[in-house]
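**Q** Here's a sequence, model it:
(one chain, ligands or ions: 1)
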Amino acid sequence: MHKHWLRYGTAAEQKHMIKYKDKYDGIVINASMLAHTAKSISRFIHSEVNNKPYFIDPMTHAFQHDLAKIKNDKNEIKSSIEKLIEEYGSPIKEKIEKGQPVKIDDFNTDNLANFTLSVLGFQYKHIFASLDDELKEYVEYIGNYKKPEFLIAPYFYMTKLNSSQWLPLNEKLINKSLEHKDEYNRDIYAQLVIDKSFLVNEDLMSKVIEKYSNVDGLIYWVDDFDETTASKEELSAILKFVKDYKMKNPSKTIISLYGGYFSQLLLKYDLSGVVHGLEYGEMRGVVPVGGGIPRSKFYLPALRKRINGSVIAPIVFHEVNNSEEFYKKICNCSVCKKNIKQDVNTKNEVLKNFDEKYLLSRPIEINYKNGSSRATEFPLIESKIQCLYHYLEEKYKEFEKIEKIEITSLLSELINDRDNFEQYFSVDEIAYIDRWVHVLKDD
Ligand SMILES: [Zn+2]
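**A** Sure, this is the predicted structure:
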């Protein structure tokens, strides 16, 4: 079972995913990124990570929003999205050319079938069809064309308000995809992309379970869902959804497309897998589609959360007197053991080590579209990489541990870990751990 999925971000991250290839199970790729940099991704997937399963998020929701969300600063459609529009064709292409987002009425029997085939076909073959000639010969020789683990039916984003329109279309797209399952010899999954108003609406969620149970598996993504600020009601709704889906479909897969430690704990309640990015992909807004500046923060294992440099540095200073204490209280992963030198015996030296390896940044100025600008700090690449490696080490350990240890022990460990650091945070900031435990314990 592939539980731990990593989201492919940029070509620059390939080397990290290769270096850490033994510490996750599979790879997830956005269709827009694939369309944009197909050759590079194809090479990557056929490289040292060629034993990893992968799947592609077809990103069909990109075309239903205000078009500003898929445009660049020059008011043109982002080049990454543009290639995907070519791949998907009608009715998306005509609509976007007219400067209009796609709507339910744009689909009719003919173009719905063609659109579905374009979206499935793109996922099925774009990676191996984009292999350059040199590599193709070799891959052909060893007979190892990489095909996706499963295909995802085209989907659109739903809120409570618009669900009466998009839900029936999503159902049609699922059913049409299933008609073509045999052609691809691949499982067909549905992707549920919703906002919080939809999530906490029991009627809608049970409707989804009823309508989305004919597929072979389900991927879900709640817009901008931050597990550390989510309410008990929202967290309970996620838990209930996973359990209800599995109760109706015991042998099927259900995967959280963006998730942190709370989602990982749901693996104990039959969630099949969790996807996260390289450091900054535990949540995501549905729009804008693509983009955003990745921020480097240090993942504090005890709190299962990434913490800003300005907050973590004083914590390290106050809590840690020497390297041994750092390993004990903050982190003892192989990256930290290398970065915080073994023979360090004073607070100041530990902090210096920590700062130099994880927190160095340089000032930059961000210029906004409206003409204003703001001075901020941008992490140095090497600091970002060390934060990332430490994060990947810890995530791997978390998945391993969750596999082996029962939920009650995981929860009491979480509370103990929290107790060691809660004095540094406001009540509101740290309350997420109580909410997680409350939701999962009551169950
Ligand atoms: Zn570490």
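**Q** just the helices in the stretch 301-443 of the chain please.
**A** Secondary structure of the stretch 301-443 of the chain (DSSP state H, counting those that start in this stretch): helices at 309-319, 323-325, 334-339, 347-354, 381-404, 407-419, 427-441.
**Q** out of those, nearest to Asp73?
**A** Nearest to Asp73, of all those, is helix 381-404, at 23.9 Å by Cβ to Cβ. Backbone N, C-alpha and C define where each C-beta goes, glycine included.
**Q** Counting by contacts, list what that closest one packs against.
**A** Applying 3 or more Cβ pairs under 8 Å, 6 or more residues apart in numbering; DSSP states H and E, we find helix 381-404 packed against strand 4-7, helix 14-19, helix 261-265, strand 298-300, helix 334-339.
**Q** For the stretch 301-443 of the chain, what lies in contact range of the ion?
**A** Listed as neighbours of the ion in the stretch 301-443 of the chain under the rule Cβ under 5 Å from the ion: Cys331, Cys333, Cys336, His390.
**Q** As TSV, the helices of the stretch 301-443 of the chain with mean neighbour count would be great.
**A** Formatted as TSV, the helices of the stretch 301-443 of the chain follow (neighbours: other Cβ atoms under 10 Å):
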stretch	mean neighbour count
helix 309-319	16
helix 323-325	17
helix 334-339	16
helix 347-354	17
helix 381-404	18
helix 407-419	15
helix 427-441	17
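**Q** would you turn those helices into a markdown table with mean pLDDT?
**A** As requested, those are exported to a markdown table (pLDDT from 0 to 100):
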| stretch | mean pLDDT |
| --- | --- |
| helix 309-319 | 95 |
| helix 323-325 | 97 |
| helix 334-339 | 98 |
| helix 347-354 | 96 |
| helix 381-404 | 96 |
| helix 407-419 | 98 |
| helix 427-441 | 97 |
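**Q** For Val274, which of the ones you listed is the nearest?
**A** Among those, helix 381-404 comes nearest to Val274, with 8.1 Å by Cβ to Cβ.
**Q** State the number of residues packed around Glu76.
**A** The tally of other residues near Glu76 (other Cβ atoms under 10 Å) stands at 10.
**Q** Number of residues surrounding the residue in the stretch 101-250 of the chain positioned nearest to the ion?
**A** Per Cβ to the ion, Thr228 is where the stretch 101-250 of the chain lies closest to the ion, at 19.8 Å. Close neighbours of Thr228, defined as other Cβ under 10 Å, add up to 20.
**Q** Equivalent analysis for the one 5 residues further on, please.
**A** Around Glu233 there are 12 other residues, counting by other Cβ under 10 Å.
**Q** check contacts around it.
**A** Residues in contact with Glu233 (Cβ atoms under 8 Å, 6 or more residues apart in numbering) are Val200.
**Q** Wait, a helix at it?
**A** Yes. Counting by DSSP: H, G, I helix; E, B strand; the rest coil, Glu233 is part of a helix.
**Q** Give me the pLDDT for it.
**A** At Glu233, the model reports a pLDDT of 98.
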